[in-house]
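Trainee: Predicted model and sequence follow; I will ask about them next.
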Amino acid sequence: MGIFSRTRDIIAANVTDLLDKAEDPAKMIRMIILEMEETLVEVRASAARSIADQKEMRRQIAKLENVQASWVEKAELALSKGREDLAKAALVEKQKAADLGEQLADEINVLDESLKASEADIAKLQGKLREARARQNSIVARMESANNRLRMREIYAGPKMDEAFSRFDMLERRVDWAEGRAEAAGLGATPKSLEEEIAELRSSEKVEAELAALKAKAAGKQEG
């Protein structure tokens, strides 16, 4: 069953009120737009039929005008031959055609009024449809924004984020452990005294002097 029952219901409808009362605004706006589109198609189809009927009626009126002219000629011919009775009968037929033409003309006028009403209804329906589509775009944008915010909150507060930070904590603990081992390796080492450092320098000087002597002796042998 549709949301609206007639074209006038759509024209008079308050889309905002309908959406405010709906449990699922996105579904409701889709239904509203679908029904508006279907109604617009029906109104246009009805207008097209009325236009076609008018065209047919105008053709019938043109034919009836020819029929009337034909009966007038026949009446004139009958009078010229002294047959007033036939002339009168011909004029009666001519009047029947005229009356039928007037009826068709009246029907055309009625259809004209109907078409004017349909044109106004179509304009109003199109306006309502534009309004509904604009609201649909707004609802879709709001729903998308809400879903994005929900996803972000799930990321920030969800188990995946907790798991990621848990891994960071584990890595930091490993780094702390490695740094602790490095620092612990240097614990207990006694710093060298000044005398020990000077003794090391003297020992180094002796080694350097002995190395220089060996180099000189080797060079003398090569020259000899």
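Mentor: Thanks, I have it.

Trainee: Give the rounded mean pLDDT of the host helix or strand of Ser203.
Mentor: Following DSSP states H and E, one finds Ser203 within helix 194-223. For helix 194-223, mean pLDDT is 76.

Trainee: for this protein, what helix or strand is lowest in average pLDDT?
Mentor: helix 159-185 (a mean of 69; mean pLDDT, DSSP states H and E).

Trainee: How is the protein divided into domains?
Mentor: Under the assignment automatic domain parsing, the domains of the chain span 7-157, 195-224.

Trainee: ok, of these, where does mean pLDDT dip lowest?
Mentor: Looking at these, the bottom one is domain 195-224 with a mean of 76.

Trainee: burial count for Gln136?
Mentor: Applying other CB atoms under 10 Å, we find 19 residues neighbouring Gln136. To be clear about C-beta, it is placed using only N, CA and C from the backbone, and glycine gets the same treatment.

Trainee: show me what contacts it?
Mentor: Applying CB atoms under 8 Å, 6 or more residues apart in numbering to Gln136 gives the contacts 26, 29-30, 33.

Trainee: quick check: longest helix of the protein.
Mentor: helix 84-157 (DSSP state H).

Trainee: So what's the gap between it and the chain middle?
Mentor: 26 Å (CA atoms, centre = their mean, to the nearest Å).

Trainee: and which of the contacts of Gln136 is nearest Glu210?
Mentor: Relative to Glu210, the closest of the contacts of Gln136 is Ala26; by CB to CB it sits at 95.3 Å.

Trainee: Pick out the residue closest to the middle of this protein.
Mentor: Asn137 (5.9 Å; CA atoms, centre = their mean).

Trainee: Quick one: neighbours of the closest residue to Ile10 other than its chain neighbours, just the number.
Mentor: Using CB to CB, 6 or more residues apart in numbering and skipping the chain neighbours, the partner closest in space to Ile10 is Phe4 (4.8 Å). Neighbour count of Phe4, defined by other CB under 10 Å: 18.

Trainee: Is Phe4 in a helix, a strand, or coil?
Mentor: coil (DSSP: H, G, I helix; E, B strand; the rest coil).

Trainee: I'd assumed Glu35 was in contact with it.
Mentor: Yes. Shown here, Phe4 and Glu35 form a contact pair, counting by CB atoms under 8 Å, at 5.7 Å.

Trainee: overlap in contacts of the two?
Mentor: By CB under 8 Å, 6+ apart, the residues touching both Phe4 and Glu35 are Ile10.

Trainee: Report the contact partners of the closest residue to Pro25 other than its chain neighbours.
Mentor: Nearest non-adjacent residue to Pro25, counting by CB to CB, 6+ apart: Leu19, 4.7 Å away. Listed by CB under 8 Å, 6+ apart, the contact set of Leu19 reads 25, 28-29, 135, 139.

Trainee: Please produce TSV containing those residues, extended by neighbour count and distance to Arg49.
Mentor: Listed next are the contacts of Leu19 as TSV, based on neighbours: other CB atoms under 10 Å; distance: CB to CB, whole Å:
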residue	neighbour count	distance to Arg49
Pro25	18	36
Met28	20	32
Ile29	22	31
Arg135	19	32
Ile139	16	36
